[in-house]
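> what shape does this take:
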Amino acid sequence: MIGFLIALISGALMSVQGVFNTQVTKASTIWVASAFVQFCALIVCLGAWLFTDRSNLLQVFRVRPVYMLLGGAIGAFITYTVIKSMDMLGPAKAVMLIVVAQLLVAYVIELFGWFQVEKQPWEWRKAIGMAVAIAGIIIFKWK
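Below you'll find the predicted structure:
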């Protein structure tokens, strides 16, 4: 149950952050705004680390395979694409498309067992759920 609640909070925070970041780009540029966002995230994470576990910061480089460290770089492009999509489509449409893309890619990752994720079997109910989500986007966009 706590995981469900955390996921809901995450989704809400992502939507609010996207709106905030889009507004910040109006005072600067998208890459400056993205850099500021990532810098703020670094400061918050370092502060949380100071007050919690204080484990060795260099342990992160023990991860295998090493390409897993690209998550940070991907984060920069996530910030960029969220800002651009919210600016071009508006928050509701952008978030709907973002969430469906996340679901679709996450399900494919599970199906094929990519990136050391435990492989999951095909399930019709999940495919139907994805189709319903896509239909929701079509209905939402329908005029």
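> so which residue is smack in the middle of this protein?
Per CA atoms, centre = their mean, the C-alpha nearest to the average position across the chain is that of residue 78, at 6.6 Å.
> can you tell me how far that one is from residue 125?
28 Å (CB to CB, to the nearest Å). Every residue, glycine included, has its C-beta placed from N, CA and C.
> now residue 93
26 Å.
> kindly report the same for residue 102.
In terms of CB to CB, residue 102 sits 18 Å off from residue 125.
> so which elements touch the longest helix belonging to the chain?
Secondary structure of the chain per DSSP state H: the longest helix is helix 2-25. Here helix 2-25 touches helix 30-51, helix 71-89, helix 91-112, going by 3 or more CB pairs under 8 Å, 6 or more residues apart in numbering; DSSP states H and E.
> residue 12: which of those helices is closest?
For the helices and strands packed on helix 2-25, the distance to residue 12 is smallest for helix 91-112, at 10.2 Å, taking CB to CB.
> so where's the chain uncertain?
Along the chain, segments meeting pLDDT under 70 span 143.
> report the inter-axis angle for the longest helix of the chain versus helix 91-112.
130 degrees (axes from the mean of the first three to the mean of the last three CA atoms, to 10 degrees).
> returning to that earlier point: between residue 102 and residue 125, which one's more packed in?
Neighbour count, other CB atoms under 10 Å: between residue 102 and residue 125, residue 102 has more, with 12 against 7.
> list the contacts for residue 137?
Residues counted as contacts of residue 137 (CB atoms under 8 Å, 6 or more residues apart in numbering) are 93, 96, 97, 100.
> what number of residues lie near the last one?
In other words, residue 100. 15.
> correct me, but it touches residue 135?
No. Under the criterion of CB atoms under 8 Å, residue 100 makes no contact with residue 135, lying 10.3 Å away.
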